Structure formats: C-alpha cells, structure tokens
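Asks: give me a model of this one.
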Amino acid sequence: MRELRIVKGDDRYAELAAAVERHEFDLHFQPIVRVADGKVVGAEALARWNHPVQGILGAEAFIDESERNGLIVALGSLLLMDALSQLRAWGERLQGTGFVLNVNVSVRQFERPGFAALVLSLLDALEVDPIHLCLEITETAEVVRSIERIRENLQRLRAHGVGIAVDDFGAGYTSLSMLRELDISVLKLDRLFVTRLVEIPHDRKVVAALLAMARGLDLSVIAEGVETPEQAEILAGITCPLAQGYLYGKPVPREPFERRHLRR
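Replies: Numbering: from 1, shown residues only. Predicted coordinates for the structure are as follows:
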C-alpha cells in the first residue's frame with residue numbers, strides 16, 4: 001500500500017489550490033436502485049482526486065480540508081459542471097427513464113447569492129432537463145445556521161424541478177428543523193440505520209417510522225450503505241423505495257458505470 005503523505009497548513013492549501021487549477025478531480029458514479037426490483041434509477045456522483053503522486057484519493061482526503069480553507073466553492077463549482085456535462089453527454093440514454101444524478105453541494109455554495117441562477121443557467125445552456133438533477137446537502141448544524149441564506153436558492157431550484165436531498169439524515173440533531181424550514185424532496189437515511197437492521201429489530205421500527213413520516217410529507221427516501229441481501233430484504237419489507245450501497249455497486253468511473261447500468 002502506498003504511504004499517504006500528510007500535508008498540513010499552507011502546504012495543504014497550496015496543493016489543493018493547484019489541484020483545482022489543474023482540474024485533477026474526477027467523478028465516480030454509484031448506482032441508486034429501486035428496492036422492489038433492483039432496477040437502477042439514478043446514481044450519486046462522487047468526487048475523486050487524481051493525485052499525481054498518491055493516485056486516486058477519496059473525498060475524505062480533500063473535502064473537509066477544502067471546507068476549512070475556503071476552496072470548496074471553487075472545487076464544488078468544478079465538480080457540478082462536470083456532473084452536468086455528464087448528464088448532457090448521456091443525453092438520449094436518459095430520455096423517458098426518470099434517471100436522476102445526485103450531486104453533493106456544500107452549504108457554502110448553497111448560501112451564495114445567485115447559486116440557483118447559476119445552476120439553472122448551466123442546465124439551460126447544456127440542454128439538461130432539471131428533473132435529472134438532485135443536489136445533496138449534508139445534515140449539519142451549519143445548515144441550520146444558514147437556513148435563511150440558503151432558502152431562496154433552494155426554493156428557486158425546486159420550483160424548476162431540481163431535486164434537493166438531505167444526506168446522512170438522522171445522524172445529527174438538525175433533521176426535523178431542516179424538514180420544517182426547507183423544501184426538501186429526498187431523505188437519504190444515514191448508513192448507521194441500515195448497518196444494524198438485521199441485528200437490531202428496534203432499528204427496523206425506527207426506519208419504518210421514518211419511512212411513514214416521509215410518505216406523509218411526500219418525500220422520497222434512499223437508504224444508504226446497503227451491503228447485504230438481508231438488509232435489502234428488510235428494506236423491501238418495510239417499503240423503502242430506493243437504496244444505495246456496495247450490494248448494488250461500488251463507485252466506478254464513467255465508462256464502467258455506463259456499460260453496467262445505462263442502456264444504449
């Protein structure tokens with residue numbers, strides 16, 4: 001295994017800034033499936049850093065640091081453009097499929113004036129139907145503090161058909177506040193709920209209750225981190241609509257994702 005060199009402070013900032021400038025980042029795609037029949041109905045676009053020395057690095061190697069040093073807006077814009085360009089390239093393959101590509105967006109992007117206008121203008125320029133895009137925002141206390149600043153952007157995007165998902169729902173204390181304050185369309189249940197479904201019956205009751213709440217609010221639900229057939233069977237039994245995890249496929253680059261999951 002190649003040793004990971006830890007870079008701190010100004011050196012880390014300079015390295016990340018240069019990587020953004022050189023566009024060293026790429027997207028991998030993990031399928032999102034319909035639990036009832038396993039059909040692929042979408043994907044999550046996940047960032048990877050094609051590091052010139054260390055090889056392909058996952059998001060844990062750069063996202064948090066990018067948030068801390070302020071590079072996340074530039075990086076997020078780069079990745080969003082890549083994702084929209086990919087939707088454009090898939091074009092006819094997506095017609096009539098209802099396929100949705102989920103893209104992670106930082107709260108720092110969401111709270112910037114004009115963010116919604118930027119996304120909508122890109123969709124228009126690339127001739128991508130907004131119904132194929134869902135923006136994921138992670139449940140954090142920072143989101144609650146920024147609700148007033150992000151609400152306008154979010155409402156405008158939803159009005160044009162763009163989906164909005166709360167990632168890692170249930171992992172923090174902000175969940176119900178976000179549902180009350182924001183026009184959300186999708187809940188992504190944190191993987192901790194799924195991990196213990198088989199061993200802990202009480203967790204099944206919790207997930208079933210969350211699903212009932214979501215149905216009452218006309219929200220879709222994606223269960224994250226599904227790794228075993230037993231977990232999938234339980235989710236089907238409690239009528240969870242969508243799921244994502246290694247059972248259905250790991251994140252892979254564009255070409256293998258297309259071969260395995262998109263029709264010609």
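Asks: helices and strands of this protein: which one has the lowest mean pLDDT?
Replies: helix 141-145 (a mean of 67; mean pLDDT, DSSP states H and E).
Asks: longest helix anywhere in the chain?
Replies: For the chain, the helix with the greatest residue count under DSSP state H is helix 72-90.
Asks: which intervals of the stretch 101-250 of the chain have sub-threshold pLDDT?
Replies: By pLDDT under 70, the low-scoring segments of the stretch 101-250 of the chain are 139-142, 144, 172-175, 177.
Asks: please enumerate the helices of it.
Replies: Ranges of helices in the stretch 101-250 of the chain, per DSSP state H, counting those that start in this stretch, are 107-110, 115-126, 141-145, 147-159, 175-181, 191-195, 201-216, 229-237.
Asks: export those helices as a markdown table, with columns for distance to Glu44 and mean neighbour count.
Replies: All C-beta atoms are positioned from the backbone trio N, CA, C, and that covers glycine. Shown next, in a markdown table, are the helices of the stretch 101-250 of the chain (distance: least, C-beta to C-beta, whole Å; neighbours: other C-beta atoms under 10 Å):
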| stretch | distance to Glu44 | mean neighbour count |
| --- | --- | --- |
| helix 107-110 | 17 | 20 |
| helix 115-126 | 17 | 17 |
| helix 141-145 | 19 | 15 |
| helix 147-159 | 18 | 17 |
| helix 175-181 | 19 | 15 |
| helix 191-195 | 13 | 19 |
| helix 201-216 | 19 | 15 |
| helix 229-237 | 17 | 17 |
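Asks: which among those helices is found nearest to Val33?
Replies: Distance to Val33, taken as C-beta to C-beta, is lowest for helix 229-237 among the helices of the stretch 101-250 of the chain, at 9.0 Å.
Asks: which residues touch the closest one?
Replies: Outside helix 229-237, the residues that touch it by C-beta atoms under 8 Å, 6 or more residues apart in numbering are 35-36, 194, 197-198, 204, 207, 223, 226, 243, 245, 247.
Asks: out of those residues, which sit inside strands?
Replies: Among those, the members falling in strands (DSSP state E) are 223, 243.
Asks: I'd say Trp224 and Thr195 touch.
Replies: To be clear, residue 224 is Glu; Trp isn't right here. No: in this structure Glu224 lies outside contact range of Thr195 using C-beta atoms under 8 Å: 9.8 Å.
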